[in-house]
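>>> Just need the structure, nothing else, for what follows:
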Amino acid sequence: MSNNKTQFGFTEIDENEKTEKVKGVFNSVSSNYDLMNDLMSFGLHRLWKKSFIESASLKDNAKILDIAAGTADLSLAFAKKNKTYSIFHTDINSNMLEEGRKKLFNHGVILPSVACDCEALPFSDNYFDCVTIGFGLRNMTQKETALKEVYRVLSPGGKLLILEFSKVWKPLEKIYDIFSFKIIPRLGEIISKDKKSYQYLVESIRVHPNQEELKKIMEKTGFFNVSYNNLNAGIAAIHKGYKV
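Okay, the predicted model is just below:
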């Protein structure tokens, strides 16, 4: 076992344990993941993802790697936006990947679905024009390692787009905390019969780097012209950075 520690929500655990623990969370929530996203965000996640897709501004025939793609909302949206895009739908969790495959198939979209770990991507250097991570970075054990891998597989001038929960506007913190810690785990208990997994998901947002901290991490791993755009008072944020 490693002596290095990391956060699993508010709990400090050995780094070697986190991947399996996160896998257990998403194995549990995968079948109700889309429904819970609608309930937890009052449907706002759909607008956030729409803004995210628009912010990509990609040319025809762009090669896109969608990491932590899960139930394939972003992969599907890119496929609908431009039929010339070459999209790879990937996730470390096979249950989430399967839910994504079902959704893509039900919409008549066929594209590669690959089980892989962002910290060791099975793709060539300098290949993708755009890499996206939607609500997945906070669950990764070694975020800097993952971002270095993303940098490696991006082509020069390629862009990384991250959609993630972030630091909410201070005047809204109290009401946001009440909703997060009191209501969301209860919804998870009712809908998914799993309160603990949603307790973790709420806690994982609080220990994730805030907007400025994530910007600095992206710059440290080599990305330039890094920026972010807050959504709904910082409940979520879109981060963007480019490979030299």
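>>> At which residues are the helices of the chain located?
Ranges of helices in the chain, per DSSP state H, are 15-29, 33-41, 44-56, 73-81, 94-106, 143-153, 173-178, 184-191, 195-207, 211-220.
>>> which of the ones you listed is buried the deepest?
helix 73-81 (a mean of 21; mean count of other Cβ atoms under 10 Å). From N, CA and C alone the C-beta is placed, and that goes for glycine too.
>>> Just the CA trace of stretch 81-99, in PDB.
Only the C-alpha atoms of stretch 81-99 are listed here, as PDB (Å, rounded to 0.1, in the frame of the first residue of the first chain):
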ATOM      1  CA  LYS A  81     -23.700  19.300 -33.500                       C
ATOM      2  CA  ASN A  82     -21.400  18.200 -36.300                       C
ATOM      3  CA  LYS A  83     -21.500  14.800 -38.100                       C
ATOM      4  CA  THR A  84     -17.800  15.300 -39.200                       C
ATOM      5  CA  TYR A  85     -16.500  15.200 -35.600                       C
ATOM      6  CA  SER A  86     -14.500  12.000 -34.700                       C
ATOM      7  CA  ILE A  87     -15.500  11.400 -31.000                       C
ATOM      8  CA  PHE A  88     -14.100   8.900 -28.500                       C
ATOM      9  CA  HIS A  89     -16.500   8.200 -25.600                       C
ATOM     10  CA  THR A  90     -14.400   7.100 -22.600                       C
ATOM     11  CA  ASP A  91     -14.800   6.300 -18.900                       C
ATOM     12  CA  ILE A  92     -12.900   4.300 -16.300                       C
ATOM     13  CA  ASN A  93     -16.200   2.800 -15.000                       C
ATOM     14  CA  SER A  94     -17.700   0.000 -17.200                       C
ATOM     15  CA  ASN A  95     -21.200   0.500 -15.800                       C
ATOM     16  CA  MET A  96     -21.200   4.200 -16.600                       C
ATOM     17  CA  LEU A  97     -19.700   3.400 -20.000                       C
ATOM     18  CA  GLU A  98     -22.500   0.900 -20.700                       C
ATOM     19  CA  GLU A  99     -25.200   3.500 -19.800                       C
END
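>>> From the chain's centroid, how far away is that stretch?
13 Å (Cα atoms, centre = their mean, to the nearest Å).
>>> what's the answer for stretch 118-129, then?
Taking mean C-alpha positions (Cα atoms, centre = their mean), stretch 118-129 and its chain are 17 Å apart.
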